[in-house]
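Enquirer: my questions concern the predicted model and sequence given below.
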Amino acid sequence: MKLTRLALAAAVLAATGASVSTSAVAQANEQFFPLLSYRTGPYAPNGTPWANGKQDYLKLINARDGGVNGVKLTFEECETGYATDRGVECYERLKSRPGVALFDPQATGITFALTEKAPVDKIPLMTLGYGLSVAADGMAFKWNFPYMGSYWTGADILIQHLGKENGGLDKLKGKKIALVYHDSPFGKEPIPLLQERAKMHGFDLQLLPVTAPGVEQKATWLQVRKDRPDYVLLWGWGVMNSTALKEAQATGYPRDKMYGVWWAGAEPDVRDVGDGAKGYHALALNGYGKEAKVIQDIMKHVHDKGQGTGAKDEVGSVLYTRGVIIQMLGVEAVRRAQERFGKGKVMTGEQVRWGMENLALDQKKLDALGFNGVMRPLSTSCSDHMGSTWARVHTWDGKKWNYSSDWYQADEQILKPMVKAGADKYLSEKKMQRREAGDCQS
């Protein structure tokens, strides 16, 4: 009997070993994308289409292209509820999966928490349109990539636009501009840039924090009604945005004097308010709609085959498209890394980081990828981890968004000194050093 038990144990061990071996082989040619998301709670209406766009693009690359040079793309979502502690838990759980490419934290607070972990774990962070504004300085932040813009570039563009609307930035002197912001790292990020612009142009900046998640804003808007600022900048997310618009309507503040960040300028922010949000403006970081080839390909290869992540009618919406862009940039970073480290191979986090730092997506490349009209060209380098600083303004007409400005580029003469000073302060506080020039090849 004892011999039988030993033989059985040996057989179980052999089977387990075979299983582990098979699993390792199955994962050997798979690039893994951990997807932090929030489909529950007050931020779900905005977080859901963003997450769906990311998933659908990965499915498209597998279905249409067979992966990246034969490397299949896999993913797993982890629900954060937009909470920093849950985001860190998701990161810790998924970071050791074979073939991890990068993390998109999907929240500024989570980004702050992971920024010190990424260099230790050697996994890059992509924070498209959010995160630490100073992380644009790649010589200070080797592992952070705030692609396409930061809250400083967004705030700068809004002030440029208000200047243009008034006949020049000098005409902002004496104006009152209120910032109604989510009282979190996300909402506080634009304040230094706005304070700098206020000193330059002589406008009065009023700061009005809103306690998360932003469902109670009556006191804030009573203050707005009392002070009657010339403009209100809305730095909100999730339910905070529609609540702000409803409160503005209730207190009689004109919506055409309100300008939101690009996270306060999507369909979920205005849909329930309808005509009550008419005239409201927001930054548009990316194009949207169903005309782009990449969106048509997603419909053809993913949704029409019953593989779509969400509802068909959300495909091509503002945040869905942003999710598609984010995932495309991650995929292209893997493709770029393969050009250096081996086509058809699974890239490590370090190799993907190099790919992220050496992206060169000109208009011809974007057209080939199906992103014509969806985004502007993006090119990164060792010193520039943002790659693009453009945005435009769109306006809600009660039923849909319409572009109401041409593209603006953030003023680098203002931003670069601020970014360098902020990055130097961060490095000093953390007792860290800037990268050496030779490190740019690693």
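Expert: In hand now; what should we look at? Every value quoted in this text rests on a predicted model; they were computed, and no experiment measured them.

Enquirer: what's the pLDDT at the residue nearest the centre of the chain?
Expert: Against the mean C-alpha coordinate of the chain, by CA atoms, centre = their mean, the closest residue is residue 128 at 3.3 Å. pLDDT, residue 128: 98.

Enquirer: identify the residue spatially nearest to it, adjacent ones excluded.
Expert: Closest residue in space to residue 128, ignoring its immediate chain neighbours: residue 147 at 4.4 Å, by CB to CB, 6 or more residues apart in numbering. For every residue, glycine as well, the C-beta is placed using N, CA and C.

Enquirer: now the one you found, what's its secondary structure?
Expert: Here residue 147 is coil, with the state taken from DSSP: H, G, I helix; E, B strand; the rest coil.

Enquirer: going forward, begin numbering at 42 instead of 1
Expert: With the count now opening at 42, the last piece we talked about shows up as residue 188.

Enquirer: count residues in the vicinity of it, would you?
Expert: When neighbours are counted by other CB atoms under 10 Å, residue 188 registers 27.

Enquirer: now it: how far from residue 402?
Expert: Separation of residue 188 from residue 402 (CB to CB, to the nearest Å): 10 Å.

Enquirer: which residues do these two both contact?
Expert: Counting by CB atoms under 8 Å, 6 or more residues apart in numbering, the shared contacts of residue 188 and residue 402 are residue 419.

Enquirer: which outside residues touch the helix or strand hosting residue 285?
Expert: Per DSSP states H and E, residue 285 falls inside helix 280-292. The set of residues external to helix 280-292 that reach it, using CB under 8 Å, 6+ apart, is 83-84, 86, 221, 223, 251, 253-256, 258-259, 261-263, 265-266, 273, 275, 277, 295-296, 299, 301, 305, 309-314, 317-318, 321.

Enquirer: just stretch 382-389 next, same as before
Expert: Applying CB under 8 Å, 6+ apart, the contact partners of stretch 382-389 are 69-72, 110-112, 139-140, 142, 163, 375, 378-379, 392, 395-396.

Enquirer: any weak-confidence spans in the stretch 92-241 of the chain?
Expert: For the stretch 92-241 of the chain, no stretch has pLDDT under 70.

Enquirer: now the strands for it?
Expert: Per DSSP state E, counting those that start in this stretch, the stretch 92-241 of the chain carries strands over the ranges 113-120, 166-167, 185-186, 217-223.

Enquirer: sorry, back to before: distance of the residue nearest to residue 169 from residue 249?
Expert: Taken as CB to CB, the span from residue 188 to residue 249 is 29 Å.

Enquirer: repeat that for residue 397.
Expert: 36 Å.

Enquirer: these two: who's more crowded?
Expert: Comparing residue 397 with residue 249 by other CB under 10 Å, the one with more neighbours is residue 397, at 28 against 20.

Enquirer: who are the packing partners of the helix or strand that one falls within?
Expert: Residue 397 belongs to helix 390-398 when assigned by DSSP H and E. With contacts defined as 3 or more CB pairs under 8 Å, 6 or more residues apart in numbering; DSSP states H and E, the packing partners of helix 390-398 are helix 359-382.
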